[in-house]
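Enquirer: got a structure for you, letters missing:
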Ligand SMILES: O=C(O)CCC(=O)C(=O)O
Ligand SMILES: [Fe+2]
């Protein structure tokens with residue numbers, strides 16, 4: 001309908017727009033202020049469930065427009081009023097947060113019919129985004145308390161991982177992987193208490209099968225690893241969408257399909273090594289890492305912006321998210337990478353499970369989306385492929401985020 005009218009009379013173009021009130025609140029914009037659209041007309045497909053739209057009638061009172069699924073809503077704007085020489089009328093409207101019915105309207109004959117779910121929903125969502133943004137800008141890491149991986153699966157996976165890391169050395173050595181830094185890393189002269197197993201990529205059925213076969217995993221172990229891999233991949237996609245939304249990106253498919261590397265770490269802390277470093281200070285090179293740390297043995301430390309180390313103590317039932325170098329470059333410097341290390345605190349074995357979302361695959365570049373670049377936020381990093389960046393970090397021996405300076409745009 002809009003196209004017909006526009007083509008016939010106004011020869012104008014359409015400008016589709018999606019308004020996410022939750023996001024607007026997260027950006028501190030509150031509800032949508034009263035206004036009249038400046039354009040010819042707006043066709044609005046309202047939220048099917050969440051109301052809030054109100055239009056002003058001629059006597060100046062706002063009247064709610066309740067959701068009515070399957071019926072687009074048309075608002076006429078300033079242009080229409082001018083073009084029709086005042087015959088058609090522009091409508092003042094607003095989007096308000098739904099509120100509870102005032103107490104005067106609730107009594108025994110008229111019990112409360114609706115709970116203020118809209119307001120609560122928006123408030124919770126806005127608060128979630130605000131916290132996410134604050135943590136990712138200030139620390140580059142945060143703990144997830146509500147997530148998609150069932151607690152029972154997390155503990156089953158921890159036991160499976162412990163038994164794989166306890167396998168005889170000859171079997172662990174069979175874990176070979178195509179990419180550098182993956183596959184079995186045996187204890188070395190430099191770091192005799194650290195070893196890890198792993199593979200790339202976590203979302204590939206074939207890669208998972210070959211990891212399990214290399215380690216002679218039982219069918220039970222295989223099943224647990226498969227379920228865990230699937231849940232982690234879903235969680236990572238969800239996390240990426242939330243991070244993108246917290247940055248105000250309406251199209252949050254940017255990070256979809258970025259593959260994950262999987263690694264399980266074992267630190268055999270002894271009384272002699274207490275106080276020394278188990279995993280050197282580094283940033284993760286990719287976008288983010290989802291870490292199931294040891295529920296009992298601490299040691300992980302993150303560095304704050306002043307250069308002070310802060311211990312990240314175990315917090316069973318939560319997952320840790322660490323943002324890496326790719327997150328910093330992709331977000332044009334809005335998200336920050338976190339420097340971290342593992343220190344020996346006590347003579348015990350520490351086991352962690354890390355899933356690293358790297359960057360785009362197959363030669364695609366890491367590049368800030370256009371929405372994050374403007375005259376106040378000029379592009380900070382030249383586009384690069386994840387693989388080139390990883391090699392650069394390695395060849396320059398820069399492991400704690402310093403290599404980002406080598407991909408900065410010139411001032
Ligand atoms: O073991 C941990 O808690 C941290 C592991 C880590 O930072 C890594 O593997 O990159
Ligand atoms: Fe790390």
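Expert: Thanks, I have the structure now. Since the model is a prediction, treat every value here as computed from it, not as a measurement. Ligands and ions are numbered 1, 2, ... in the order given.

Enquirer: how about the residues of this protein by ligand 1?
Expert: Taking CB under 6 Å from any ligand atom as the contact definition, the chain meets ligand 1 at 263, 265, 279, 284, 291, 293, 300, 340, 342, 352, 354. C-betas here are computed from N, CA, C, even on glycine.

Enquirer: just the residues you listed: which are in strands?
Expert: 263, 265, 279, 291, 300, 340, 342, 352, 354 (DSSP state E).

Enquirer: would you turn these into a markdown table with neighbour count?
Expert: Below are those laid out as a markdown table (neighbours: other CB atoms under 10 Å):
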| residue | neighbour count |
| --- | --- |
| 263 | 21 |
| 265 | 23 |
| 279 | 19 |
| 291 | 22 |
| 300 | 25 |
| 340 | 25 |
| 342 | 25 |
| 352 | 22 |
| 354 | 20 |
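
Enquirer: possible to save the residues you listed as TSV with pLDDT?
Expert: Output for these, formatted as TSV (pLDDT from 0 to 100):
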residue	pLDDT
263	97
265	97
279	93
291	98
300	96
340	97
342	96
352	98
354	98
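
Enquirer: could these go into a markdown table alongside distance to residue 150?
Expert: Below are these laid out as a markdown table (distance: CB to CB, whole Å):
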| residue | distance to residue 150 |
| --- | --- |
| 263 | 22 |
| 265 | 22 |
| 279 | 28 |
| 291 | 18 |
| 300 | 24 |
| 340 | 27 |
| 342 | 27 |
| 352 | 19 |
| 354 | 19 |
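
Enquirer: if we only consider the residues you listed, which is nearest to residue 75?
Expert: Proximity of those to residue 75 (CB to CB) peaks at residue 291, which lies at 48.1 Å.

Enquirer: hmm, the closest one is touching residue 319, no?
Expert: Yes: taking contacts as CB atoms under 8 Å, residue 291 lies within contact range of residue 319: 6.7 Å.

Enquirer: check contacts around residue 255.
Expert: Residue 255 is in contact with 237, 240-241, 243-244, 287, 330, 357, counting by CB atoms under 8 Å, 6 or more residues apart in numbering.

Enquirer: equivalent analysis for residue 65, please.
Expert: Contacts for residue 65 (CB under 8 Å, 6+ apart) come out as 46, 51, 53-55, 73.

Enquirer: 10 Å instead?
Expert: The neighbours of residue 65, taking CB atoms under 10 Å, 6 or more residues apart in numbering as the test, are 44, 46, 51-55, 73, 75, 93, 95.

Enquirer: please flag which of those sit within strands.
Expert: Using DSSP E, the members of the contacts of residue 65 that fall in strands are 44, 53-55, 73, 75, 93, 95.

Enquirer: output those residues as CSV; include the columns neighbour count.
Expert: Output for the ones in strands among the contacts of residue 65, formatted as CSV (neighbours: other CB under 10 Å):
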residue, neighbour count
44, 15
53, 21
54, 17
55, 16
73, 15
75, 19
93, 21
95, 22
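
Enquirer: which pair of these spans the longest distance?
Expert: Taking CB to CB, no two of the ones in strands among the contacts of residue 65 sit farther apart than 44 and 54, at 12.8 Å.

Enquirer: now for these two: what residues contact both?
Expert: Shared contacts of residue 44 and residue 54, counting by CB under 10 Å, 6+ apart, come down to 65, 93.

Enquirer: quick revisit: which one of the residues of the chain next to ligand 1 is nearest ligand 1?
Expert: Lowest distance from ligand 1 to the residues of the chain next to ligand 1 (CB to the nearest ligand atom) belongs to residue 352, with 3.4 Å.

Enquirer: quick check: that closest one touching residue 298?
Expert: No: with contacts counted by CB atoms under 10 Å, residue 352 stays clear of residue 298, the gap being 11.1 Å.

Enquirer: tell me, what's touching these two both at once?
Expert: Contact criterion CB under 10 Å, 6+ apart; residues shared by residue 352 and residue 298: residue 342.

Enquirer: and the residue of the stretch 101-250 of the chain found nearest ligand 1, what element?
Expert: For the stretch 101-250 of the chain and ligand 1, the shortest gap (CB to the nearest ligand atom) falls at residue 196, measuring 7.3 Å. Using DSSP states H and E, residue 196 sits within strand 194-200.

Enquirer: report all helices and strands that that strand contacts.
Expert: Counting by 3 or more CB pairs under 10 Å, 6 or more residues apart in numbering; DSSP states H and E, the packing neighbours recorded for strand 194-200 are helix 151-165, helix 169-172, helix 205-214, strand 260-268, strand 277-282, strand 349-357.

Enquirer: all strands for the stretch 301-411 of the chain, in order.
Expert: All strands of the stretch 301-411 of the chain, identified by DSSP state E, counting those that start in this stretch, fall at 309-311, 319-323, 340-343, 349-357, 365-366, 384-385.

Enquirer: between those, which one is nearest to residue 155?
Expert: Nearest to residue 155 among those is strand 349-357 (11.4 Å), distances taken as CB to CB.

Enquirer: can I get the contacts of residue 65 in a markdown table including pLDDT?
Expert: A markdown table is the format used below for these (pLDDT from 0 to 100):
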| residue | pLDDT |
| --- | --- |
| 44 | 76 |
| 46 | 71 |
| 51 | 71 |
| 52 | 75 |
| 53 | 79 |
| 54 | 81 |
| 55 | 84 |
| 73 | 78 |
| 75 | 81 |
| 93 | 82 |
| 95 | 76 |
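
Enquirer: can you name the two of these that are farthest apart?
Expert: Between any two of those, the greatest separation by CB to CB is 15.7 Å, found for 51 and 75.

Enquirer: now do the contacts for residue 274.
Expert: 343-347.
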